[in-house]
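Peer 1: Task: produce atomic coordinates for the following.
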Amino acid sequence: MDDQNKNLILATVLSFLVILVWFVLFPPEEPVVDPNAPAVVATTNDAVTPPAATATGEPATAAAPAQSDAPRVAIETDRVKGSISLLGGRLDDLALKSYKVTIDPTSDIVTLLSPIGKPQPYYALYGWLPAGSLGFEDVPGANTLWSQVGTNTLTTETPITLQWDNGKGLVFQRVISIDNRYMFNVTQSVENNGTTPVSLAPYGIVARHGLPADLEGFYLSHEGIVLRADGVLEEVKYKDATKLPLVDREAALAEVVQANENGWIGFTSKYWMTALIPEQGKPFTAVTKYAPGADIYQTETRQPVITVAPGASAAAASRLFAGAKEWESLRAYQNDGGVGGFIDAIDWGWFFFFTKPIFAVLHWLNAHIGNMGLAIIALTFLLKALVLPLAYKSYVSMARMKELQPEMEALKERAGDDKQKLQKEMMALYKEKKVNPAAGCLPILIQIPIFFSLYKVIFVTLELRHAPFFGWLNDLSGPDSSSIFNLFGLLPWAAPEPGSMLALIFIGVLPLLLGISMWLQQKLNPTPTEPTQAMIFAWMPWVFMFMLGSFASGLVVYWITNNVITFTQQFAIMKSHGHSPDIFGNIKSSFKRKPVVQPPAKKQGKK
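Peer 2: Next up, the predicted model:
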């Protein structure tokens with residue numbers, strides 16, 4: 001086997017690794033729900049209450065109305081709609097107006113937060129921890145019934161004010177506003193009309209009951225709790241939250257992190273996030289918690305204790321992000337809003353140093369072109385242009401290797417079975433002709449991190465979700481919806497469901513184009529004479545075609561474009577070096593039936 005064929009075999013193996021790594025190392029993980037976990041009871045005291053700074057006890061609940069009966073304040077902006085319950089001042093009803101559950105235009109919009117009494121309750125609430133002589137009954141908590149002051153709808157122009165008087169000289173207020181994206185500003189204040197100083201500490205909670213219904217459980221994207229404290233990012237999956245240390249006094253599992261200056265904590269999925277952001281530049285305590293008895297996952301921020309003198313008042317500001325992980329929005333909150341590292345709420349993965357700039361360029365191209373599919377094609381051209389110098393050297397080396405074939409065959413004839421002599425003379429020939437036999441693998445090696453990074457971008461970034469290309473390609477984050485099963489829509493029955501066995505077999509148009517483009521790229525070179533190599537190369541395009549059939553169509557668009565550009569570059573470079581590829585001849589020879597060589601007859605020995 002000559003070195004050129006060895007390089008091609010190596011390139012094949014590396015190409016297969018690009019695809020197989022996702023199926024072998026990153027198989028989909030099914031969400032695991034503990035069958036012995038107790039059912040969630042929809043009562044007013046389901047929220048896990050943080051411990052007091054110096055006191056113990058539980059908030060009073062006897063006079064609190066049922067959650068469904070509590071009055072509400074409406075939320076209405078261009079991006080979100082929902083309501084806030086006056087019971088606890090819970091932000092527990094929020095839907096994202098810009099995003100639908102499916103690509104169907106009649107589909108419901110995405111619901112982010114849900115109140116107790118609905119499936120998978122998920123909400124944010126705020127309150128005060130009592131310290132010193134105060135008890136839980138003296139401060140507002142999860143079951144406090146607030147009064148509304150002023151406007152009855154929260155909009156970008158009209159904040160709302162909630163008020164509660166504890167009847168003992170303390171008057172609490174909560175002012176909530178929202179910007180034109182997904183950030184709520186929450187200012188909690190207390191006025192001490194009593195005769196003695198009081199001490200208390202503000203807190204914020206985001207709680208969710210049970211696992212989210214849309215949990216994918218796929219290793220490629222983090223789903224669960226995300227915490228950033230003093231520049232360090234920590235991710236905790238839901239299953240790992242159930243293994244946190246036990247805090248006996250709370251009968252809960254918890255992890256406590258002290259942040260000195262800045263940070264945030266919350267729940268994240270592939271596309272959505274709810275995060276508590278205390279006032280930056282000041283210390284706070286971040287808590288990750290799981291209550292096994294109620295199956296509640298919870299994140300908390302606890303700010304330092306405040307002492308309020310008689311006749312004085314104090315306030316604590318914080319923010320709550322509840323919405324879509326849009327790249328532009330997160331970047332604006334990070335760069336202009338002072339929320340450090342907020343862009344890392346998107347799971348950029350191992351190759352973040354590639355993934356982040358690749359997405360930034362893709363986003364810019366899409367903004368100027370107006371079509372994400374065309375932006376992916378344009379990005380492919382840019383990436384190929386960046387690696388062209390290295391690819392050029394590789395293709396030139398491959399062309400020179402072709403030129404050396406006659407001399408290589410002569411060396412093999414002279415060396416016979418002497419492998420050591422053949423290897424020595426081949427290395428001398430490479431050195432004389434200034435040819436690097438390994439250079440042909442460089443394009444494949446370059447493609448691996450780019451492929452992983454682009455796959456990550458397409459898989460986790462919201463901007464690719466439901467992004468149309470043209471015709472039937474109405475979601476570049478999903479697989480090609482066309483299928484051979486119904487002759488690409490010509491027959492009167494539906495294509496197989498994505499992810500099913502039939503969908504893996506009856507692939508769509510894009511995977512077919514991918515296989516054809518890989519096959520044509522192979523035909524730049526003659527079919528290898530060695531039978532094993534010939535068989536591998538004959539099957540490789542079609543194996544890839546089926547393997548990539550279930551991948552995001554945006555990634556397949558990239559791969560097809562990359563193959564077309566590579567074909568053109570390699571053809572031009574080979575021709576410029578006097579080796580004009582006989583594409584049609586190579587195609588014809590690949591269909592010719594190879595003659596069967598009969599083994600020589602054994603000689604008959606003397607009797």
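Peer 1: where do the strands sit along the stretch 451-600 of the chain?
Peer 2: For the stretch 451-600 of the chain, applying DSSP state E, counting those that start in this stretch gives no strands.
Peer 1: quick one: low-confidence ranges for it?
Peer 2: Along the stretch 451-600 of the chain, the parts satisfying pLDDT under 70 run over 499, 525-531, 533-534, 577-586, 588-600.
Peer 1: Report the contact partners of the nearest residue to residue 520 once chain neighbours are set aside.
Peer 2: Using Cβ to Cβ, 6 or more residues apart in numbering and skipping residues adjacent in sequence, the residue nearest residue 520 is residue 567, 6.2 Å away. In short, each C-beta sits where N, CA and C put it, glycine included. Residues near residue 567 by Cβ atoms under 8 Å, 6 or more residues apart in numbering: 517, 520, 521, 524.
Peer 1: Out of these, list just those in helices.
Peer 2: 517, 520, 521 (DSSP state H).
Peer 1: And these, which is closest to residue 364?
Peer 2: Nearest to residue 364, judged by Cβ to Cβ, of the ones in helices among the contacts of residue 567 is residue 517 at 26.8 Å.
Peer 1: Residue 510 versus the closest one, what's the distance?
Peer 2: According to Cβ to Cβ, to the nearest Å, residue 517 and residue 510 sit 10 Å apart.
Peer 1: what do those two both touch?
Peer 2: By Cβ under 8 Å, 6+ apart, the residues touching both residue 517 and residue 510 are residue 560.
Peer 1: So between these two, which is more surrounded?
Peer 2: residue 510 (26 against 19; other Cβ atoms under 10 Å).
Peer 1: Run through the helices of this protein in chain order.
Peer 2: Under DSSP H, the chain gives helices at 3-24, 238-241, 327-335, 352-369, 372-386, 388-403, 405-415, 419-433, 442-460, 501-505, 509-522, 531-547, 553-576, 583-591.
Peer 1: between those, which gets nearest to residue 474?
Peer 2: Closest among the helices of the chain, using Cβ to Cβ: helix 553-576, at 9.4 Å.
Peer 1: now the closest one and helix 352-369, what's the angle there?
Peer 2: 90 degrees (axes from the mean of the first three to the mean of the last three Cα atoms, to 10 degrees).
Peer 1: Give me the buried positions along helix 553-576.
Peer 2: By neighbour count with 16 or more other Cβ atoms under 10 Å, helix 553-576 contains the buried residues 553-567, 569-571, 573-574.
Peer 1: what does stretch 283-298 give?
Peer 2: 284-291, 294-298.
Peer 1: ok, the spatially most central residue of the chain - contacts?
Peer 2: Per Cα atoms, centre = their mean, the C-alpha nearest to the average position across the chain is that of residue 460, at 2.7 Å. Residue 460 is in contact with 220, 221, 270, 346, 347, 348, 349, counting by Cβ under 8 Å, 6+ apart.
Peer 1: Name the nearest of those residues relative to residue 122.
Peer 2: For the contacts of residue 460, the closest approach to residue 122 (Cβ to Cβ) belongs to residue 270, at 15.8 Å.
Peer 1: thinking residue 74 is in contact with residue 152, fair?
Peer 2: Yes. Counting by Cβ atoms under 8 Å, residue 74 does reach residue 152; the two are 6.9 Å apart.
Peer 1: Same drill for the two, tell me which one is more crowded.
Peer 2: residue 74 (15 against 11).
Peer 1: For residue 125, see how far away the more buried one is.
Peer 2: 18 Å.
Peer 1: ok, now residue 411?
Peer 2: 79 Å.
Peer 1: Between these two, which is the more surrounded one?
Peer 2: The residue with more neighbours, out of residue 411 and residue 125, is residue 125; 24 against 19, by other Cβ under 10 Å.
Peer 1: Just confirm that one contacts residue 90, I think it does.
Peer 2: Yes. The criterion here is Cβ under 8 Å, and residue 125 meets it with residue 90 at 4.6 Å.
Peer 1: between the two, what contacts are shared?
Peer 2: residue 142.
Peer 1: Which residue ranges make up the domains of this protein?
Peer 2: According to automatic domain parsing, the chain comprises the domains 67-326, 356-591.
Peer 1: Against residue 480, how distant is the closest residue in space to residue 381 that isn't next to it in sequence?
Peer 2: What sits nearest to residue 381 in space, not counting adjacent residues and going by Cβ to Cβ, 6+ apart, is residue 565, at 6.8 Å. Distance, residue 565 to residue 480, using Cβ to Cβ: 21 Å.
Peer 1: Just name the most buried of the domains of the chain.
Peer 2: Most buried of those, by mean neighbour count (mean count of other Cβ atoms under 10 Å): domain 67-326, with a mean of 19.
Peer 1: Thanks a lot, catch you later.
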